[in-house]
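Student: I would like the atomic coordinates for the input below:
(chains A, B, C and D)
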There are 2 protein chains.
Amino acid sequence: MSSIDRKRRGYHQFCGAARALDVVGERWTLLIVRNLLIGPRRFSDLLDELPGITTNLLATRLRDLGAAELVEPAARGGYRLTEAGRALEPVLRELGRWGGRYMDRPRRGDAVNLGWGLFSLKRRYRGGVECIVGIEADGKSFEVTLGRERMDLVEREASNPALRLAGASHAFRRLFGLGTEPASIDELLEEKAITATGDLRQLRPFARSLAP
Amino acid sequence: MSSIDRKRRGYHQFCGAARALDVVGERWTLLIVRNLLIGPRRFSDLLDELPGITTNLLATRLRDLGAAELVEPAARGGYRLTEAGRALEPVLRELGRWGGRYMDRPRRGDAVNLGWGLFSLKRRYRGGVECIVGIEADGKSFEVTLGRERMDLVEREASNPALRLAGASHAFRRLFGLGTEPASIDELLEEKAITATGDLRQLRPFARSLAP
DNA sequence: CAGGATCCGCCGCGATACTG
DNA sequence: CAGTATCGCGGCGGATCCTG
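Tutor: Next up is the predicted model:
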């Protein structure tokens, strides 16, 4: 039946990009995935982090992502990505890289999220450092794992970080040059905008490997 | 004025991926870019290659892409990508890579396009060959340039290819394993499904560097 | 309160017809 | 060949209501 074929609107092209857009090309979908790439999320978390999305649309998207087996129920409630969902990270990385040209400063009314900013550091990371850093900003906790080649990011309290940094998220956006005037780690410590505890010898290599 | 802010529907997030989707996230847009990445196109070319798009929507998308300075008028009429538009290639590459998992075989009603298939070979190319190959299939001409690291593809008659291959597009899809049972270059030459002229010593390295 | 479902209005989209 | 004009529909945005 052609009614079945056309049931769901699709591109009907034998092309990887078109197939991908058939699955994750609808509005909001890739942004939901981006947020889940940082860590598991509850419905209400996503609702807060995605200003403008409505409850019905978020529910629909999560249901569709579940049906596509890109998202599954998380252990402690909420939603998490499956392996196939996590495989979308390179797509988000390249989208973020390309969109960087429109992103020098936040515009009026823009939602700003430190998680998105830290996520974008993955492609800036220069490598060569090996340590785990815990970041606490505005009630949120991030575990940043620097390895030989790549950086990992999870939103959770770092289990056993070599270094702990705490401050307002704006301080971290200054540290990494994420939409504000950049500042050195020394300035920020001097101003007490950021406080560091733990193995302070890791501080400078950490900052340098992620500097703007 | 808030009416100006909200004139165009957008995500209003200070995030590279969201900014990118504000510009190229609407339906059809990235597929138009994908086709233009293979070479300049006229309005009617795009209309043929994008089954299902309508004239008004294609006109709107091309106008928007022009306003965003991703597309500009081509020298001999039609449309071509600007530098910023070509910079979307990694996005299409990663989308295509991810979408590959849904693409083992064409489905009923799928549009099939040899250009899209050859484009996907860019990420398969193993490097190490240096030659220009002209491919002629079903009235279309492609110039495939193999270099030390990467492969380039333009839809045009190759100016001075070391090797010329001609055949039905289905034969090339067998050669590269693009949605059909793969076949070796020897089989295809034996069957006369593909005819090769020029420097035949390049034939086998070419096929091997792009094999499934 | 988390996690939705339901209803409605609007605009992006699809289809067709028409024009320079 | 390269679009524009028109219209109907469904996806999406906004608000409210429901259920454990």
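
Student: Spell out which helix or strand contains residue A:80, please.
Tutor: strand A:79-81 (DSSP states H and E).

Student: What helices and strands are in contact with that strand?
Tutor: helix A:29-38, strand A:71-73 (3 or more C-beta pairs under 8 Å, 6 or more residues apart in numbering or on different chains; DSSP states H and E). For glycine as for every other residue, the C-beta is placed from the backbone atoms N, C-alpha and C.

Student: got the CA coordinates for the longest one in CSV?
Tutor: In this case it means helix A:29-38. Once non-C-alpha atoms are left out, helix A:29-38 reads as follows in CSV (Å, rounded to 0.1, in the frame of the first residue of the first chain):
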residue,chain,number,x,y,z
THR,A,29,15.7,15.9,17.8
LEU,A,30,19.4,16.5,17.5
LEU,A,31,19.4,19.0,20.3
ILE,A,32,17.8,16.4,22.6
VAL,A,33,20.6,14.0,21.6
ARG,A,34,23.2,16.7,22.2
ASN,A,35,22.0,17.2,25.8
LEU,A,36,21.8,13.4,26.4
LEU,A,37,25.4,13.1,25.2
ILE,A,38,26.5,15.0,28.3
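
Student: quick one: is it near DNA strand C?
Tutor: No: contact of helix A:29-38 with DNA strand C (C-beta under 7 Å from any atom of the strand) is absent, the minimum separation being 12.4 Å.

Student: Over to the last one?
Tutor: No: under the criterion of C-beta under 7 Å from any atom of the strand, DNA strand C is not reached by strand A:71-73; the shortest gap measures 8.6 Å.

Student: And for stretch A:50-62?
Tutor: Yes: contact of stretch A:50-62 with DNA strand C (C-beta under 7 Å from any atom of the strand) involves A:54-56, A:59, A:62.

Student: most surrounded residue in those?
Tutor: residue A:62 (18 neighbours; other C-beta atoms under 10 Å in any protein chain shown).

Student: pretty sure that one contacts residue A:35?
Tutor: No: contact criterion C-beta atoms under 8 Å: residue A:62 and residue A:35 do not qualify, at 11.5 Å.

Student: Among the helices and strands packed on strand A:79-81, show me which one is buried the most.
Tutor: Compared across the helices and strands packed on strand A:79-81, helix A:29-38 shows the largest average neighbour count, a mean of 23 (mean count of other C-beta atoms under 10 Å in any protein chain shown).

Student: any idea how far DNA strand D is from residue A:158?
Tutor: 31 Å (C-beta to the nearest atom of the strand, to the nearest Å).

Student: ok, for that residue, nearest residue in space, not its chain neighbours?
Tutor: residue A:134 (3.3 Å; C-beta to C-beta, 6 or more residues apart in numbering or on different chains).

Student: which stretch of helix or strand covers that neighbour?
Tutor: Short version: residue A:134 belongs to strand A:131-137, going by DSSP H and E.
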